[in-house]
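Chemist: Need a 3D model of the following:
(chains A and B)
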Protein chains: 2
Amino acid sequence: MGYDWRMSDTVTAAVLLIGNELLSGRTQDANLHFLATRLGQLGIELREARVVVDEEDAIVAALNALRATYDYVFTTGGIGPTHDDITADSVGKAFGIPVRHDPKAVKLLEDSYRGRGMELNEARLRMARTPEGAELVLNSISAAPGFRIGNTFVLAGVPSIMRAMFESLAPTLRTGPKVATRTIAVYLPEGTLAARFRALQEAYPTVVMGSYPFYRDERYGADLVLRSTDRAQLDAAAAELKTTLVDLGGDPIEASA
Amino acid sequence: MGYDWRMSDTVTAAVLLIGNELLSGRTQDANLHFLATRLGQLGIELREARVVVDEEDAIVAALNALRATYDYVFTTGGIGPTHDDITADSVGKAFGIPVRHDPKAVKLLEDSYRGRGMELNEARLRMARTPEGAELVLNSISAAPGFRIGNTFVLAGVPSIMRAMFESLAPTLRTGPKVATRTIAVYLPEGTLAARFRALQEAYPTVVMGSYPFYRDERYGADLVLRSTDRAQLDAAAAELKTTLVDLGGDPIEASA
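Modeler: Coordinates of the predicted model:
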């Protein structure tokens, strides 16, 4: 497809999920879906995601590829106090910037642990380590901060904390045109509608069209998803699609937005 | 960490998830977790995953990077009859191999659609397209096959079909030593156990150790996960870990394997 719907003021992003547990099958990732949804809502186009193990070489290579290609990179995971939490050091290495204890982060941790009568030991102090010049990303749940360096945001892996960090940084993001979506379900097999759907895609190059088959109530069908930053074209394409589907003998049903 | 636990007979893999819907937030991926689990069970180490949009350049670049690095690549998505299904052509382009209708796949589709009284139109015939020399990957659910070319397996995106395809190809995979796992939960904050856990990791370089914090029953704790292909070292490390955790005031509980 010629995706000429992407405007010059588009803002792009990638997500880098860090953690052996995602690749061993121990944990089902929940962060990509959240970030994909929220970035889209903000008008930032998530273009790629990668999942890598807790090894410095793997993190450095993936981060350097992604941060050179996209406007923003969001990493999740690997910022806790244990030895397998190596994200801060790996990010520093990727950027070629020394990593040290951030004084503001140390203060946050001191206040938090003192308040709970717990020791701020060396392991916990690791959570204050950031590359020099990084800005902290605070959150409402945990004293341990994430951070931003260049175009890269380093976030927690625990979903509730990651989400709080994302919401605290979201207002600082540059955003582009928002993509609107219309989803039309029809009980027709994909193969029956494919030729006409392709012709519609060709007639509306500024609308990206996808087909997602399903099998429900013992019938084949598909969710036809139309996405565009151009509302008028999107609505025109959706109207024409509905007419086409009726013409093919279907009974299209639009999902509420 | 020096991951010298990886033996020379290790077999590695990557997963390439293809589909706009995974990056727009429309769909929560379910395939990575399945493949991660099954590959691990078979003795294949999943080292990386990528998620890319339905665009040829993106698929070609990711596939060429992954297939050059790992023993196997498994792709999911983009093999249906609609215009947004471009995986077969993209894989052909990545390998530099022409894509055409596979005669055996055409026969499978002919028999299936004829049996259901449906037309095998041009769109449906697209599902028989594979790079020359590819081997079909059949499945018990759908007549439309996946395929293998070189070290790359091209599978459906619909989870039930992807799983059936994986089980049909699994017996053909070369496998390495199986990684055994022991998981020990303890209600201690990560920061309390981190120093001793790091020392244990350093004492057992053939066992990979990870800590995954949780907050349950209003208490902080962590799942400590030990993984190794060396059962004796794994068991020795787990025994020492339990002793250490008791020493730290914890009450370690081992999850059933």
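Chemist: Could you point out which residue ranges in the stretch 1-150 of chain A have low pLDDT?
Modeler: A:1-8 (pLDDT under 70).
Chemist: rerun that using 50 as the cut-off
Modeler: A:1-5 (pLDDT under 50).
Chemist: what about the strands in it?
Modeler: Taking DSSP state E, counting those that start in this stretch as the criterion, the stretch 1-150 of chain A carries its strands at A:12-18, A:45-52, A:72-76, A:99-101, A:129-131, A:135-137, A:146-149.
Chemist: Distance check, A:I59 against B:K178.
Modeler: Here A:I59 is placed at a distance of 26 Å from B:K178 (Cβ to Cβ, to the nearest Å). C-beta here means a position set from N, CA and C on the backbone, and glycine is covered the same way.
Chemist: check which helix or strand covers whichever residue of the stretch 151-257 of chain A sits closest to chain B.
Modeler: Scanning the stretch 151-257 of chain A for proximity to chain B using Cβ to the nearest Cβ identifies A:A194 as nearest, at 3.3 Å. Taking DSSP states H and E as the definition, one finds A:A194 inside helix A:190-203.
Chemist: Going C-terminal from that helix, what's the next secondary structure element?
Modeler: Scanning forward in sequence from helix A:190-203 by DSSP H and E, the next helix or strand is strand A:208-216.
Chemist: Count residues in the vicinity of A:K242, would you?
Modeler: Applying other Cβ atoms under 10 Å in any protein chain shown, we find 19 residues neighbouring A:K242.
Chemist: whoops, A:P213 was the one
Modeler: Neighbour count of A:P213, defined by other Cβ under 10 Å: 19.
Chemist: before we move on, the earlier item: the residue of the stretch 151-257 of chain A closest to chain B contacts B:E119, correct?
Modeler: No: between A:A194 and B:E119 there is no contact under Cβ atoms under 8 Å: 11.6 Å.
Chemist: Please compare the two by neighbour count and tell me which comes out ahead.
Modeler: Neighbours per residue (other Cβ under 10 Å) separate A:A194 from B:E119, with A:A194 holding more: 24 against 11.
Chemist: For stretch A:142-150, list the C-alpha coordinates in CSV.
Modeler: These are the backbone C-alpha positions of stretch A:142-150, laid out as CSV (Å, rounded to 0.1, in the frame of the first residue of the first chain):
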residue,chain,number,x,y,z
SER,A,142,6.1,4.6,43.6
ALA,A,143,8.9,6.9,44.7
ALA,A,144,11.3,5.3,42.2
PRO,A,145,11.2,7.5,39.1
GLY,A,146,11.5,6.8,35.4
PHE,A,147,13.4,9.2,33.3
ARG,A,148,13.7,10.9,29.9
ILE,A,149,17.0,11.2,28.1
GLY,A,150,16.9,12.7,24.6
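Chemist: residues in contact with that stretch?
Modeler: The contact list for stretch A:142-150 (Cβ atoms under 8 Å, 6 or more residues apart in numbering or on different chains) reads A:67, A:79-80, A:88, A:91-92, A:95, A:97, A:102, A:105, A:108-109, A:111-113, A:127-128, A:130-131, A:133-139, A:153-156, A:158, A:161, A:164-165, A:169, A:172.
Chemist: Quick one: residues contacting A:G43.
Modeler: Contacts of A:G43 by Cβ under 8 Å, 6+ apart are A:V11, A:T175, A:G176, A:P177, A:K178, A:V179.
Chemist: For chain A, which segments are assigned as helices?
Modeler: Along chain A, the stretches classed as helices by DSSP state H are A:20-23, A:31-42, A:56-69, A:87-95, A:103-115, A:122-125, A:159-169, A:190-203, A:231-247.
Chemist: can I get the CA coordinates of the third one in CSV?
Modeler: Listed next in CSV are the C-alpha coordinates belonging to helix A:56-69 (Å, rounded to 0.1, in the frame of the first residue of the first chain):
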residue,chain,number,x,y,z
GLU,A,56,23.0,-5.0,27.8
ASP,A,57,24.0,-5.7,24.2
ALA,A,58,20.5,-6.5,23.3
ILE,A,59,19.0,-3.4,24.9
VAL,A,60,21.7,-1.1,23.5
ALA,A,61,21.3,-2.4,19.9
ALA,A,62,17.5,-2.2,20.0
LEU,A,63,17.4,1.2,21.6
ASN,A,64,19.9,2.7,19.2
ALA,A,65,18.0,1.4,16.2
LEU,A,66,14.7,2.7,17.5
ARG,A,67,15.7,6.1,18.7
ALA,A,68,17.4,6.9,15.4
THR,A,69,14.3,6.0,13.5
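Chemist: What's the PyMOL line that selects buried ones from the contacts of stretch A:142-150?
Modeler: A single PyMOL command selects the buried members of these (16 or more other Cβ atoms under 10 Å in any protein chain shown):
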select buried, chain A and resi 67+79+80+88+91+92+95+97+102+105+108+109+113+127+128+130+131+134+135+136+137+138+139+153+154+155+156+158+161+164+165+169
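Chemist: Please go through the contacts of stretch A:142-150 and note which also touch chain B.
Modeler: Among the contacts of stretch A:142-150, the ones lying near chain B by Cβ under 8 Å from any Cβ of the partner chain are A:G80, A:V158.
Chemist: Spell out which parts of the stretch 101-250 of chain A neighbour chain B.
Modeler: Listed as neighbours of chain B in the stretch 101-250 of chain A under the rule Cβ under 8 Å from any Cβ: A:118-119, A:121-124, A:126, A:158, A:179, A:181, A:189-191, A:193-195, A:197-198, A:201, A:208-213, A:222, A:225, A:227.
Chemist: Report the buried members of those.
Modeler: For these, a burial check counting by 16+ other Cβ under 10 Å picks out A:123-124, A:126, A:158, A:179, A:181, A:189-191, A:193-195, A:197-198, A:201, A:208-213, A:222, A:225, A:227.
Chemist: on that earlier part again, list the helices and strands the helix holding A:A194 packs on?
Modeler: Secondary-structure packing of helix A:190-203 (3 or more Cβ pairs under 8 Å, 6 or more residues apart in numbering or on different chains; DSSP states H and E): strand A:208-216, strand A:219-228, helix A:231-247, helix B:122-125.
Chemist: mind putting those in CSV, distance to A:A144 included?
Modeler: Formatted as CSV, the helices and strands packed on helix A:190-203 follow (distance: least, Cβ to Cβ, whole Å):
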stretch, distance to A:A144
strand A:208-216, 39
strand A:219-228, 37
helix A:231-247, 42
helix B:122-125, 52
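Chemist: Go through the ones you listed and name the closest to B:E240.
Modeler: Proximity to B:E240 (Cβ to Cβ) singles out strand A:208-216 among the helices and strands packed on helix A:190-203, at 49.8 Å.
Chemist: residues in contact with that closest one?
Modeler: Counting by Cβ under 8 Å, 6+ apart, A:1, A:3, A:5, A:185, A:189-190, A:193-194, A:197, A:200-201, A:220-228, A:237, B:19-21, B:26-27, B:54, B:80, B:82-84, B:158 sit against strand A:208-216.
Chemist: before we move on, what about stretch A:187-201?
Modeler: In contact with stretch A:187-201 (Cβ under 8 Å, 6+ apart) are residues A:1, A:186, A:207, A:209, A:211, A:213, A:219-222, A:224, A:237, A:240-241, A:244-245, A:247-251, B:80-84, B:118-119, B:121-124, B:126.
Chemist: Once you drop chain neighbours, what's closest to A:L234?
Modeler: Using Cβ to Cβ, 6 or more residues apart in numbering or on different chains and skipping residues adjacent in sequence, the residue nearest A:L234 is A:S228, 4.1 Å away.
Chemist: do A:T37 as well
Modeler: Closest residue to A:T37 apart from its sequence neighbours, by Cβ to Cβ, 6+ apart: B:G25 at 3.2 Å.
Chemist: One more: A:V15?
Modeler: Counting by Cβ to Cβ, 6+ apart, A:A49 is the residue found nearest to A:V15 once chain neighbours are left out, at 4.2 Å.
Chemist: Can you spell out which residues form a bridge with that neighbour?
Modeler: Bridge pairing for A:A49 (DSSP bridges) gives the partners A:V15, B:V51.
Chemist: Contacts only, for it.
Modeler: A:A14, A:V15, A:L16, A:L17, A:L32, A:A36, B:L22, B:L23, B:R50, B:V51.
Chemist: which of those residues lies closest to B:A232?
Modeler: Distance to B:A232, by Cβ to Cβ, is smallest for A:L17 among those, at 32.6 Å.
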